[in-house]
Every structure is written in C-alpha cells, then in structure tokens.
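Novice: any chance you can model this:
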Amino acid sequence: MFLRHFCVSFAVFIMAVAAAEPAVLTQEEVFNTVIDKSPFLTVATTTIVWTQSPSITTTQAPLAVTDSS
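Specialist: Numbering: from 1, shown residues only. Next comes the predicted model:
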C-alpha cells in the first residue's frame, strides 16, 4: 500500500514539474549615445530576454582557427 501511494505521489509530482512553464525574464538597458543628426545626443535602449529553467546547458568552446597553408 505504501509503495503504491509513493509511486502515485511521485508520478503526480513529476507531471507537475514537467508541466510548469519556465520563467521568462526581461531586462531593458537605457543608455546615452551620440548620433550624426541633431540633437546629436540621444537615448537608446536594448532589451535582453531569456528563459530561466532548471536545466543546465554547457556552452561549446570556440573552434580553434588553424592556418591551412
């Protein structure tokens, strides 16, 4: 009986974790910049959006550039 209850509880837990949507985070950076038209000084923005998840992914190392000659 305990084992069956444990297995059902574990299955419900796994389904709940799998169904949860990862958090989407947004950052907006505002900075001053110079342009070639009047008023020459202006404000620009850049937006970064990423998804937060419990999985960890490793980045690939850059490929080594070799001279073929």
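Novice: use CA for all of it now, contacts and neighbours both
Specialist: Will do.
Novice: cross-check the contact I'm expecting between residue 32 and residue 46.
Specialist: No - using C-alpha atoms under 8 Å, residue 32 is not in contact with residue 46; the gap is 11.4 Å.
Novice: could I get the average pLDDT for stretch 21-41?
Specialist: Averaging pLDDT along stretch 21-41 gives 87.
Novice: name the strands paired with the host helix or strand of residue 42 and say parallel or antiparallel.
Specialist: According to DSSP states H and E, residue 42 maps onto strand 41-52. Looking at strand 41-52 with DSSP bridges, its partner strands are strand 23-34 (antiparallel).
Novice: CA atoms only for the strand it pairs with, dumped as CSV, please.
Specialist: Taking Å, rounded to 0.1, in the frame of the first residue of the first chain, the C-alpha atoms of strand 23-34 are listed here in CSV:
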residue,chain,number,x,y,z
ALA,A,23,10.1,31.9,-16.0
VAL,A,24,10.7,34.5,-18.8
LEU,A,25,12.9,37.4,-17.7
THR,A,26,13.3,40.7,-19.5
GLN,A,27,16.0,43.4,-19.0
GLU,A,28,15.9,46.7,-20.6
GLU,A,29,19.1,48.8,-20.7
VAL,A,30,18.8,52.6,-21.4
PHE,A,31,22.0,54.4,-22.3
ASN,A,32,23.1,57.7,-23.8
THR,A,33,24.6,57.7,-27.3
VAL,A,34,25.9,60.1,-29.9
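Novice: use 59 as the first number from now on
Specialist: Right, with 59 as the first residue, what we last looked at is strand 81-92.
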